[in-house]
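*Asks:* have a look at this fold, sequence not included:
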């Protein structure tokens, strides 16, 4: 069809129709045509036209209506086809302005928008089909093929945007006024998605190329020189709403790659879990960096999660075994990494179980090591201190903090909250359980050694430490006491050690002694209240001695005597079956004091216990006179050498009438220790029946006052043995009393019920074994406190 403009030829001097366009236009002030694009005949009313034409204003009043017929559909179709032809180098037959105006006319005047829409749809389909064939036939592979795909997608998007601009009236008027039609953008992109992204060959090529790129980077562990192609691809996928399938596929190839790698490393590094852990840490770091470089922020967490789970797949318990070596090496950094990795794959329960087993193993190992009993408590304290530190600094989880409101001149009443880190409670429970179970490796011993450790601390004192630091050290030792079931063992040994410290005046601070007893009574065991009576006895004894000394002459030897009168119920000592023969002058002074005491307390009976007595002797050596601070037993032995410079063991035993074992320990302290005031022949650590002892006149010491009575303050193995035997005897009586009390209240119980009730009744003192309970029940049956039911031999009856 011939253009309207070409049919109109006017004189060059006339400007009548120079501004007439190839369209049919109707201008009407009352027209209902769209207000977005108003038809204009005057250049002055169109800034774009005004820039190109100079016209004389129309002075004719009122609207001007011009009707010109013509069919523009073929030209529009050809223009659209050229725009959507990627291979075409020729421009469209119409200018962009002419295409825009023709579209406006067709939609608003001619009313054939439906035909134009159908034409556009057909051309888009043809264009997409050509692009699909072109992409499917692409001979490139890998990243270059991805680059070609991206270029194609960008070109298509650009051309669609151009059509949206040129066919504005079709897109904004006809499509909006017609229900069920898609916009030009949606129509074109839908066709692209269906015919491109759903094309089997193209889709497979895209997946293959992405996999090749990812596999190359992961295998070579380098950055691909064309990595920038991937963000561009993702941008196009987002544009066409195809990113979700890509993300899913990327996660799948990530999972497959790392699961395969994990399986291979699991075999090759079977005996080296630390190396596997190090590899996993590096792999996760690399994958995070890759994600941050090419993927949207929203995908980072997903890819990291897939990477971690794939690498850990089925190997958490194996890798968790590295916790033990890291704990032994005190390596908090690697422990932190280990916990972080396990927490992100929901493996903290497995790690907690490993932690519990390892701590329990270490505690059992320390407790069972009899050769290092003296180091047991310091080693346990060091282990617990590090475990507590690890729990507080490493095994922590983020917990949202309570929102806080801040008021300032910039932000009034703003609510802020910062996540805080709190220890994982499961690890706290695991630590407590591990120590409790580990202490069972040797019954009674941990409780005994904790009491002895506290005894050392209380004798040594705080030294240069502050009160707070010393109290913290004592609290750390008491924390171990909570893990032992043998509370009665700790109480007995602590009670005995306390008595020795007080009587021998070895305690560093009476204030700390009183504070410790108060803490033990209030927080641990009410029976520690017995310490109050001990302090009362000591205070009363001092007053009594002052009164006794005041009645003696200034030069009376009795002024050197100091006696402690103790209540048997408050002190952990028993009356000894045998005593020791004191020198006559000593015995005389004791008899004088006893007579004076009975005058005031006629109803009281005094039993002398010399085991904890002390004496100060003056000894003359070649070096000079020394003042010896010794136990009363040591003094009795040393005074024998005033009569003879040399004596055999048997003669010493006969003259002192001391218990054999006690005498051997006493002679060891005088002749085999660091300060040898006696010489033993033959030399050796043990005292034998045929040994000869001689006064060591050559003894030397830089100090004028020499203390050699440390044996008195220490708990000897024999004393520990006797104490444990005493504890076992007390336990039998305690169990008997508990069983009878329970049966008296219940009248009849089955064996299982009685066993459970008995354990519950004594659990605050000790946890008896089932065998011991059974023996005590049988003993009570034999003693006619209980009887078996005739109808049910498993049931016991109380005998009133």
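*Replies:* Here it is on my side, so go on. On a predicted model such as this, the values are computed, not experimentally measured, just so you know.
*Asks:* drop to CA atoms for contacts and neighbour counts, all remaining ones
*Replies:* Noted.
*Asks:* let me see the mean pLDDT of the helix or strand hosting residue 124.
*Replies:* Secondary-structure element containing residue 124, defined by DSSP states H and E: helix 113-136. For helix 113-136, mean pLDDT is 93.
*Asks:* for that helix, buried residues please.
*Replies:* For helix 113-136, the neighbour count (16 or more other C-alpha atoms under 10 Å) marks 113, 116-117, 119-121, 123-132, 135-136 as buried.
*Asks:* in the stretch 401-550 of the chain, which spans are strands?
*Replies:* Taking DSSP state E, counting those that start in this stretch to define them, one finds strands in the stretch 401-550 of the chain at 404-406, 414-416, 420-423.
*Asks:* pop out the phi and psi values for the closest residue to residue 695 other than its chain neighbours.
*Replies:* Closest residue to residue 695 in three dimensions, ignoring its sequence neighbours and counting by C-alpha to C-alpha, 6 or more residues apart in numbering: residue 678, at 4.7 Å. The phi/psi pair for residue 678 (degrees, to the nearest 10) reads phi -120, psi 150.
*Asks:* contacts only, for residue 678.
*Replies:* 670, 671, 693, 694, 695, 696 (C-alpha atoms under 8 Å, 6 or more residues apart in numbering).
*Asks:* what does residue 667 give?
*Replies:* Residue 667 makes contact with 634, 687, according to C-alpha under 8 Å, 6+ apart.
*Asks:* list the buried residues of the host helix or strand of it.
*Replies:* Using DSSP H and E, the element containing residue 667 is helix 660-671. Within helix 660-671, the residues that count as buried by 16+ other C-alpha under 10 Å are 663, 664, 665, 666, 667, 668, 669, 670, 671.
*Asks:* adding pLDDT and distance to residue 437, write the residues you listed out as CSV.
*Replies:* Shown next, in CSV, are the buried residues of helix 660-671 (pLDDT from 0 to 100; distance: C-alpha to C-alpha, whole Å):
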residue, pLDDT, distance to residue 437
663, 89, 40
664, 89, 39
665, 87, 36
666, 89, 39
667, 90, 41
668, 88, 39
669, 87, 38
670, 90, 42
671, 88, 43
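*Asks:* got any ranges where the stretch 501-650 of the chain has weak pLDDT?
*Replies:* When residues are selected by pLDDT under 70, those of the stretch 501-650 of the chain lie in 577-578.
*Asks:* let me see the ranges of the helices in it.
*Replies:* 510-519, 530-550, 584-600, 632-640, 649-656 (DSSP state H, counting those that start in this stretch).
*Asks:* my guess is residue 686 meets residue 669, correct?
*Replies:* No. Using C-alpha atoms under 8 Å, residue 686 is not in contact with residue 669; the gap is 10.7 Å.
*Asks:* can you give me the helices for the stretch 301-450 of the chain?
*Replies:* Ranges of helices in the stretch 301-450 of the chain, per DSSP H, counting those that start in this stretch, are 316-320, 323-328, 332-344, 348-368, 376-393, 425-439, 445-460.
*Asks:* reformat the ones you listed as JSON lines; add mean neighbour count and distance to residue 151.
*Replies:* Listed next are those as JSON lines, based on neighbours: other C-alpha atoms under 10 Å; distance: least, C-alpha to C-alpha, whole Å:
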{"stretch": "helix 316-320", "mean neighbour count": "19", "distance to residue 151": "45"}
{"stretch": "helix 323-328", "mean neighbour count": "16", "distance to residue 151": "52"}
{"stretch": "helix 332-344", "mean neighbour count": "18", "distance to residue 151": "39"}
{"stretch": "helix 348-368", "mean neighbour count": "20", "distance to residue 151": "48"}
{"stretch": "helix 376-393", "mean neighbour count": "17", "distance to residue 151": "52"}
{"stretch": "helix 425-439", "mean neighbour count": "19", "distance to residue 151": "55"}
{"stretch": "helix 445-460", "mean neighbour count": "22", "distance to residue 151": "77"}
